[in-house]
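Trainee: missing the sequence, but the structure's below:
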């Protein structure tokens, strides 16, 4: 493999990683605070993508350029999915809070199925794409860079930066991070409040939605979109350590690059298998991940 | 009509084997196995591939069970070290990896095209009689599986499993390693799924990797939830209800004009999703289970 | 029987057990006392194997057990009970004991299907031993009741009974008298004496000094992870260091 090929793979991996970071962050926060892996996250991503496609289509011609419409569509879908996520919490997961973890897990699987099926009932199973200006890739001596990818990565990074800033400096954000970091301590000191949970679930929904849009921009929007990225997102979450926001991001970037670098060896279809392999290895060797707390593990 | 009932009955019995296996894994040892379809797939492909090479079906069925049981070992070992939610994710990843491998390793499995012309079980009897024979064989298999499960539960082994469920740390303090017991149960459950896969392959005579998607795993979960986790009777009842639903949806489609099969598939998915949510919320013990049991 | 040398247990830099060496002779009865947080239960955890040692060695009956897992230590004859009883709630008292006895050959999947007759016979033999143990601890009348229905004190007796099923040579008892009502207390003391009479070494952590004094010939005092006194109960309790550590305490 030449350096150029490696560079291309790494770039692609970083972009994918930046995108996966969004659902990974959503997963890690929910996992740390609500204590279960939210399997519906993937399908919320799909929902986010479809809503955005719809909004962008509806705005076509009425508003500024395609990108502007896409921007609005992204905001709209983030809000919409935040709402969906809130409703899911309020009606389902809040009530299952005291039940066994498997109940929430199975319910989230069911929710994912429900969302996916409602999408296909509403708009069919055809693939959709976002309308984007056609641009050619920049070429730096063989190293290809798609302007789209740059935008995608930039958006992801901006969103992540905003969320991190909130987690670091915002009053509720700091609270959220504290609870994610040490749920037992937080519970003892009574920090857990209804409002915090709403913020958590709304944020998770919004992050998943934006992640879905970015994925849809990178490839196509189809019903299995989110589900296919659920496993890599889980792997990123576990690699980074549950409850660690920056762990989720770093984990996602590593997963993205790792998956891409594996393609010359195992072929493109086995990318998910790579995610699984990483997941398995991490869980067996160091379940706490890179930045997680070992006590939370067993 | 008879032929139809036998066909449906066959599907019920295949799912019943899957359900009994999963029920054991989750009900007896608490292992959250979201990758059950992988054992189903491995059993189906193992038996089909060997049969296509001329091996006698009695042997291929046994191999199917063995392959599935062996495949369960790494997962079983992982189960010992992992918290249950991690295990759920890992098993899901496992089944997807298996499906991908079946899809990619074309040289062995013929990939997405699948394996056609698999020898039909009891094919020599011809047509309807073969179908009936398969049905009867499955009936025997399910009865045996139920009986074996009963024997397991009422043995010292079963007693220890219950002790592990009540207080695993105490079992360790008493000098016994829960790992051994959990893995054996896991392997047995997987073997049952493998046999179900073999029956499936030699009944349909055509299998593709697309038939072994996670949705199948969650159909089985739906069965054991419906019937109430932990009892074989519950698993059987739940399976009946599940297949009734799946088949019933086909009839509904015939009644409603203008509903395409694709849409029916979505509706089925929606109902399963909704059912999972509602059962977890309002009746986690299933239709027949006892609360807190 | 037990030989611990320079054992150190650390949690996140905090030394719960700091350079503890002690020897327990076969068939002896030793008490361990100390304020909460002195490291007593942690020491038990290290000896029994639930907790890993950062430094030091532990030997039992001549074997070096420092690195072997708890279930293997139990097989060597080292039993341990816990402060909070860990009964198998949904099993009956008798089943609790049946499940506690070493029964490898019949506790396998194969035996569940193909060796039922032999398993039944083994259960019969174990059952006889279990009845004997139940009589010893005074739980025989409850043998068929679900363990969850027992009182706190009775559950403690059940813990002892279960530990006895493994024919231990030495038992580590963690606060056996805690939460036991005075009526049951006498029964419990008698049971412990009876167990000791069988030649089983007992190491008992307790806060209940009165009860402990009537039981043991040797008292070890721990404070802040270290052993600060070791000897005859009366002598130890009058030691200045001990009184210091227990300032305002139960002495």
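Mentor: Looks like it came in fine. No experiment lies behind these values; they were computed from the predicted model shown.
Trainee: what about residue C:138, distance to residue B:174?
Mentor: The gap separating residue C:138 from residue B:174 is 21 Å, by Cβ to Cβ, to the nearest Å. C-beta coordinates here come from the backbone N, C-alpha and C atoms, glycine included.
Trainee: out of the two, which sits in the more crowded spot?
Mentor: Taking neighbours as other Cβ atoms under 10 Å in any protein chain shown, residue C:138 and residue B:174 compare with residue B:174 leading, 26 against 16.
Trainee: quick one, what contacts the more buried one?
Mentor: Residues near residue B:174 by Cβ atoms under 8 Å, 6 or more residues apart in numbering or on different chains: C:71, C:74, C:79, C:99, C:100, C:162, C:163, C:165, C:166.
Trainee: could I get these as CSV with distance to chain A?
Mentor: Below are the contacts of residue B:174 laid out as CSV (distance: Cβ to the nearest Cβ, whole Å):
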residue, distance to chain A
C:71, 17
C:74, 21
C:79, 24
C:99, 23
C:100, 24
C:162, 24
C:163, 25
C:165, 28
C:166, 26
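Trainee: and of those, the nearest to chain B?
Mentor: Set against chain B, the nearest of the contacts of residue B:174 by Cβ to the nearest Cβ is residue C:74 (3.4 Å).
Trainee: Give me the next element, helix or strand, following the one helix or strand that closest one maps to.
Mentor: Per DSSP states H and E, residue C:74 falls inside helix C:70-75. Sequence-wise, the next helix or strand downstream of helix C:70-75 (DSSP H and E) is strand C:78-80.
Trainee: That following strand packs against which elements?
Mentor: The contact analysis (3 or more Cβ pairs under 8 Å, 6 or more residues apart in numbering or on different chains; DSSP states H and E) places strand C:78-80 against helix C:40-48, helix C:152-164, strand C:170-174.
Trainee: Can you show me the helices along the stretch 101-250 of chain A?
Mentor: With helices called from DSSP state H, counting those that start in this stretch, the stretch 101-250 of chain A shows them at A:101-123, A:147-169, A:171-181, A:183-188, A:194-218, A:225-240, A:245-266.
Trainee: Looking at those helices, which one is packed in the most?
Mentor: Ranked by mean neighbour count, the helices of the stretch 101-250 of chain A are led by helix A:225-240 with a mean of 28 (mean count of other Cβ atoms under 10 Å in any protein chain shown).
Trainee: near chain B, anything from it?
Mentor: Yes: Helix A:225-240 is in contact with chain B by Cβ under 8 Å from any Cβ of the partner chain, via A:231, A:234, A:235, A:238.
Trainee: Off-centre distance for that helix?
Mentor: Chain-centre distance of helix A:225-240: 8 Å, with Cα atoms, centre = their mean, to the nearest Å.
Trainee: Please name every helix or strand in contact with it.
Mentor: Where contact means 3+ Cβ pairs under 8 Å, 6+ apart, helix A:225-240 is packed against helix A:3-34, helix A:41-59, helix A:101-123, helix A:194-218, helix A:245-266, helix A:271-285, helix B:84-104.
Trainee: avg pLDDT for it?
Mentor: Averaged across helix A:225-240, the pLDDT comes to 88.
Trainee: Next, the angle helix A:41-59 makes with it.
Mentor: Angle, helix A:225-240 to helix A:41-59, by axes from the mean of the first three to the mean of the last three Cα atoms, to 10 degrees: 130 degrees.
Trainee: Tell me what angle helix A:225-240 forms with helix A:271-285.
Mentor: Interaxial angle, helix A:225-240 versus helix A:271-285 (the same axes, to 10 degrees): 30 degrees.
Trainee: what's the burial count for the residue nearest to residue C:85 when sequence neighbours are not counted?
Mentor: Leaving aside its sequence neighbours, residue C:85 sits nearest to residue C:155 (Cβ to Cβ, 6 or more residues apart in numbering or on different chains; 3.8 Å). The number of residues packed near residue C:155 is 22, by other Cβ under 10 Å.
Trainee: Not counting its neighbours along the chain, what's nearest the closest residue to chain B within the stretch 151-298 of chain A?
Mentor: Closest residue of the stretch 151-298 of chain A to chain B, Cβ to the nearest Cβ: residue A:276 (3.4 Å). Sequence neighbours aside, residue B:93 is the residue nearest to residue A:276 in space, at 3.4 Å (criterion: Cβ to Cβ, 6+ apart).
Trainee: Any figure for the gap between residue A:72 and residue C:73?
Mentor: According to Cβ to Cβ, residue A:72 and residue C:73 sit 66 Å apart.
Trainee: So the two - more neighbours on which side?
Mentor: residue C:73 (22 against 16).
Trainee: So the more buried one sits against residue C:65, correct?
Mentor: Yes: contact criterion Cβ atoms under 8 Å: residue C:73 and residue C:65 qualify, at 5.1 Å.
Trainee: Check the contact lists of those two and give me the overlap.
Mentor: residue C:49.
Trainee: residues touching residue 225, list them.
Mentor: In the absence of a named chain, this looks at chain A. By Cβ under 8 Å, 6+ apart, the residues touching residue A:225 are A:42, A:45, A:46, A:49, A:212, A:215, A:216, A:219.
Trainee: wait, chain C
Mentor: Residue C:225 is in contact with C:9, C:15, C:16, C:17, C:18, C:20, C:38, C:39, C:42, counting by Cβ under 8 Å, 6+ apart.
Trainee: which residue packs closest to it, ignoring adjacent ones?
Mentor: Nearest non-adjacent residue to residue C:225, counting by Cβ to Cβ, 6+ apart: residue C:18, 3.8 Å away.
Trainee: So the one you found versus chain B, what's the distance?
Mentor: Remark: distance between residue C:18 and chain B (Cβ to the nearest Cβ, to the nearest Å) = 25 Å.
Trainee: doesn't that residue fall inside a strand?
Mentor: Yes: using DSSP: H, G, I helix; E, B strand; the rest coil, the assignment for residue C:18 is a strand.
Trainee: and it, how far is that from chain A?
Mentor: Look at residue C:18 and chain A: by Cβ to the nearest Cβ, they are 22 Å apart.
Trainee: pretty sure that residue contacts residue C:11?
Mentor: No: using Cβ under 8 Å, residue C:18 is not in contact with residue C:11, being 12.0 Å away.
Trainee: Could I get the full set of strands for the stretch 151-293 of chain B?
Mentor: Under the criterion DSSP state E, counting those that start in this stretch, the stretch 151-293 of chain B contains no strands.
Trainee: can you list the residues of it near chain C?
Mentor: B:151-152, B:155-160, B:162-163, B:165-167, B:169-177, B:181, B:184-185, B:188.
Trainee: follow-up on the earlier one: of residue C:18 and residue C:11, give the one with the bigger neighbour count.
Mentor: The neighbour count for residue C:18 versus residue C:11, taken as other Cβ under 10 Å, is higher for residue C:18 (18 against 11).
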